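> Here is a sequence with its predicted model. Questions after.
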Amino acid sequence: MKRRQALGSLLSAGGLLAIPAVLQAQGQAVLVEVWKSPTCGCCKDWITHLEANGFRVKVNDVGNTGARARLKVPMKLGSCHTALVGRYAIEGHVPAADIRRLLKERPDAIGLAVPGMPVGSPGMDGPAFDNLQDPYDVLLIAHDGSTQIFNSYFKQKERS
């Protein structure tokens with residue numbers, strides 16, 4: 001009963017944005033809803049990465065163009081899948097740790113993006129990619145469509 005009252009207080013006090021953080025604190029998996037092509041293998045690998053990091057995932061195998069537009073992710077930041085977690089859009093191969101940081105810090109933003117499909121990002125990594133990692137940035141998307149670097153990842157193994 002106390003849990004239900006606390007959740008009701010959060011909702012009535014405008015705390016809807018804090019729900020993912022509350023669920024994490026209670027040990028419950030945060031839901032990530034993903035839109036992707038039904039045939040995309042790297043999307044499936046990214047979903048596996050999220051699940052391995054404690055997220056609960058709902059998959060929509062209908063492509064992601066419509067979801068990207070609804071969530072206001074600029075086309076220039078596009079990748080092969082689009083997701084929604086809490087109130088935030090997640091575009092592309094964003095690492096789970098960055099999603100957790102986003103939910104903890106709760107910036108006033110559209111969400112995060114890893115444009116394209118950089119080798120070494122979650123879902124584009126491992127033996128199938130010779131364990132290579134190209135440098136890439138995770139970008140925070142502002143409401144005006146501008147971006148700033150949220151996190152950066154660098155090469156671990158040089159390409160030959």
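Received, thanks.

> going forward, measure contacts between C-alpha atoms and count neighbours the same way
Fine.

> Can I get stretch 49-62 in CSV? Just the C-alpha atoms.
Only the C-alpha atoms of stretch 49-62 are listed here, as CSV (Å, rounded to 0.1, in the frame of the first residue of the first chain):
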residue,chain,number,x,y,z
HIS,A,49,23.1,-5.9,-24.5
LEU,A,50,20.3,-4.0,-22.9
GLU,A,51,18.8,-7.1,-21.4
ALA,A,52,22.2,-8.2,-20.1
ASN,A,53,22.4,-4.9,-18.4
GLY,A,54,19.1,-5.2,-16.5
PHE,A,55,16.7,-3.5,-18.9
ARG,A,56,13.3,-5.0,-19.9
VAL,A,57,12.8,-4.6,-23.7
LYS,A,58,9.6,-4.5,-25.8
VAL,A,59,10.4,-4.9,-29.5
ASN,A,60,8.3,-3.5,-32.4
ASP,A,61,9.5,-5.1,-35.7
VAL,A,62,8.0,-2.5,-37.9
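
> Please identify the buried residues of it?
49, 50, 51, 55, 57, 60 (16 or more other C-alpha atoms under 10 Å).

> Let's have those in CSV, adding secondary structure and distance to residue 81.
Shown next, in CSV, are those (DSSP: H, G, I helix; E, B strand; the rest coil; distance: C-alpha to C-alpha, whole Å):
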residue, secondary structure, distance to residue 81
49, helix, 14
50, helix, 13
51, helix, 16
55, coil, 16
57, strand, 13
60, strand, 10
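
> Tell me which two of the residues you listed sit farthest apart.
49 and 60 (16.9 Å; C-alpha to C-alpha).

> Distance from the chain centre to stretch 53-67, please.
10 Å (C-alpha atoms, centre = their mean, to the nearest Å).
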